[in-house]
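Coordinates for the following, if possible.
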Amino acid sequence: MAEELKDHTTLRVGGPAQNFVRASDESEIIAAIEAAGDQPVLILGSGSNVLISDTGFPGTVIQIANNKVAAEVDACSGATLNIGAGENWDDFVATTIERGWAGLETLSGIPGTVGAAPIQNIGAYGHEVSEFVMRVRTYDRQAKALKTFTNEECQFSYRDSVFKKNPGRFVVLEVQFNLRRGEMTTPITYAELAAELGIEVGQKADVIKTREAVLKIRGRKGMLLNPNDKDTFSAGSFFTNPIVAENLIPEGAPKYPQGDGTFKTSAAWLIEQSGICKGQKLNGAAISGKHVLAITNADNAKASDIAALAMEVKDAVKMKYGIDLIPEVNLVGISLR
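Just a heads-up that it's a prediction; the model follows:
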């Protein structure tokens with residue numbers, strides 16, 4: 001019987017895979033890729049940032065489950081960590097904090113695997129994973145060879161990387177991080193997090209308390225998966241924050257200079273001001289009742305329901321402000337026109 005991909009995604013949608021392989025180490029991952037030949041291949045981690053069509057995937061789905069952890073610790077410089085792509089991201093973050101390493105605390109609670117982190121260049125509350133990545137070890141499907149990327153070669157930018165620019169080519173096997181030893185964060189730059197911590201923007205905070213504060217904020221926004229709460233059955237933020245020319249940003253909207261003449265604004269603000277409401281439904285899909293950036297599987301939704309509601313959101317913002325929202329979620333077999 002074909003493996004139903006809805007059983008492997010946080011949105012709980014997705015049709016059958018033609019072939020499904022769970023690979024628990026590097027050799028198994030490469031063997032599965034090579035066995036697929038010229039067939040399409042979909043690499044799946046925890047399924048937390050993907051929307052797969054109701055027709056499924058016409059090729060081989062490889063679920064990455066290698067969770068190797070290796071550390072080199074220096075009392076002065078901190079830790080160099082080599083982490084398998086299949087390791088759960090938040091478990092990894094928790095472990096680093098328990099061992100006295102600082103840096104990843106603001107990235108707490110982000111669903112997914114370590115291997116997905118550099119592809120998307122995940123980020124939250126003033127930091128991105130690119131700040132801590134030293135190297136990314138991959139399998140190049142085109143060259144049929146191993147290839148290791150330095151931080152610079154990863155071409156990191158906002159929610160983007162060389163891996164995302166070349167979909168399907170580079171399969172992440174392992175990520176190397178460098179973290180410093182310490183009990184305090186760098187200065188907190190995100191106002192919402194500073195307020196939760198009870199400090200001023202620009203002040204430092206205890207690393208453990210910062211992780212706790214981030215998890216509280218994410219929980220209030222429905223951005224922590226809870227099997228007993230359908231309002232968290234989502235892929236996280238469905239759209240990225242737009243980066244546009246300053247003159248395109250509506251009056252009153254948040255704006256953050258990017259250093260190249262462009263400005264980042266808030267997708268959530270644009271969505272709410274366009275008339276999209278928390279809890280708004282379309283068939284089995286719904287805008288989260290906690291945060292407008294999350295689209296949820298509220299009542300046995302199909303992938304087509306999720307996509308249709310995403311299009312309603314996208315069209316509303318485009319009509320009112322002329323700004324195109326770009327999906328942060330990876331779309332498989334689905335197009336938002």
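
ranges for the helices of the chain?
Remark: helices assigned in the chain by DSSP state H are 26-36, 89-98, 116-120, 162-165, 191-197, 207-220, 267-273, 303-321.

okay, those, which one's buried deepest?
helix 116-120 (a mean of 28; mean count of other Cβ atoms under 10 Å). Glycine gets a C-beta too; all of them are placed from N, C-alpha and C.

Against which helices or strands is it packed?
With contacts taken as 3 or more Cβ pairs under 8 Å, 6 or more residues apart in numbering; DSSP states H and E, helix 116-120 sits against strand 133-140, helix 162-165, strand 170-181.

What's the mean pLDDT across it?
For helix 116-120, mean pLDDT rounds to 96.

So what's the gap between that helix and the chain middle?
Chain-centre distance of helix 116-120: 7 Å, with Cα atoms, centre = their mean, to the nearest Å.

Same check on stretch 196-205?
Worked out by Cα atoms, centre = their mean, stretch 196-205 lies 25 Å from the chain centre.

Could you give me the buried positions within it?
By neighbour count with 16 or more other Cβ atoms under 10 Å, stretch 196-205 contains the buried residues E196, L197, I199, A205.

Now pLDDT too, for those residues, in a markdown table please.
Converted to a markdown table, the buried residues of stretch 196-205 look like this (pLDDT from 0 to 100):
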| residue | pLDDT |
| --- | --- |
| E196 | 97 |
| L197 | 97 |
| I199 | 97 |
| A205 | 97 |
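
So which of these is the closest to K144?
A205 (47.0 Å; Cβ to Cβ).

Report the helix or strand with the lowest average pLDDT across this protein.
The helix or strand of the chain with the poorest confidence is strand 69-74; it has a mean of 79 (mean pLDDT, DSSP states H and E).

and for that strand, what are the contacting residues?
A79, T80, L81, N82, I83, G84, E87, F92, T95 (Cβ atoms under 8 Å, 6 or more residues apart in numbering).

wait, which of the helices and strands packed on helix 116-120 is closest to Q120?
helix 162-165 (6.7 Å).

Determine the set of other helices and strands touching the closest one.
helix 116-120, strand 170-181.

Now with 7 Å, please.
Taking 3 or more Cβ pairs under 7 Å, 6 or more residues apart in numbering; DSSP states H and E as contact, the helices and strands that helix 162-165 lies on are helix 116-120.

Quickly list the domain ranges of the chain.
5-64, 69-218, 230-332 (automatic domain parsing).

Which one, of these, ends up nearest to L224?
Across the domains of the chain, closest to L224 is domain 69-218 (Cβ to Cβ), at 5.1 Å.

Please produce CSV containing the helices of the chain, extended by distance to L51.
Compiled in CSV, these are given as follows (distance: least, Cβ to Cβ, whole Å):
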stretch, distance to L51
helix 26-36, 22
helix 89-98, 19
helix 116-120, 14
helix 162-165, 16
helix 191-197, 27
helix 207-220, 20
helix 267-273, 17
helix 303-321, 6
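
Nearest to S130 among those would be which one?
It is, among the helices of the chain and with distance given as Cβ to Cβ, helix 116-120, at 7.3 Å.

before we move on, the earlier item: out of the buried residues of stretch 196-205, the closest to F238 would be?
The closest of the buried residues of stretch 196-205, once distances to F238 are taken by Cβ to Cβ, is E196, at 23.7 Å.

Next up, the contacts around that closest one.
By Cβ atoms under 7 Å, 6 or more residues apart in numbering, the contact list for E196 reads A213, K216, I217.

Pipe those into a markdown table and attach distance to K6 and pLDDT per row.
Listed next are those as a markdown table, based on distance: Cβ to Cβ, whole Å; pLDDT from 0 to 100:
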| residue | distance to K6 | pLDDT |
| --- | --- | --- |
| A213 | 33 | 98 |
| K216 | 30 | 97 |
| I217 | 29 | 96 |
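
Mind listing the residues bridging to S234?
T296 (DSSP bridges).

now N178, nearest residue through space, not along the chain?
M134 (5.1 Å; Cβ to Cβ, 6 or more residues apart in numbering).

What count of nearby residues applies to the one you found?
M134 has 15 neighbours, counted by other Cβ atoms under 10 Å.

That one: what's it in contact with?
T80, N151, Q176, F177, N178.

so M184 touches K204, yeah?
Yes: with contacts counted by Cβ atoms under 7 Å, M184 reaches K204, the gap being 4.7 Å.
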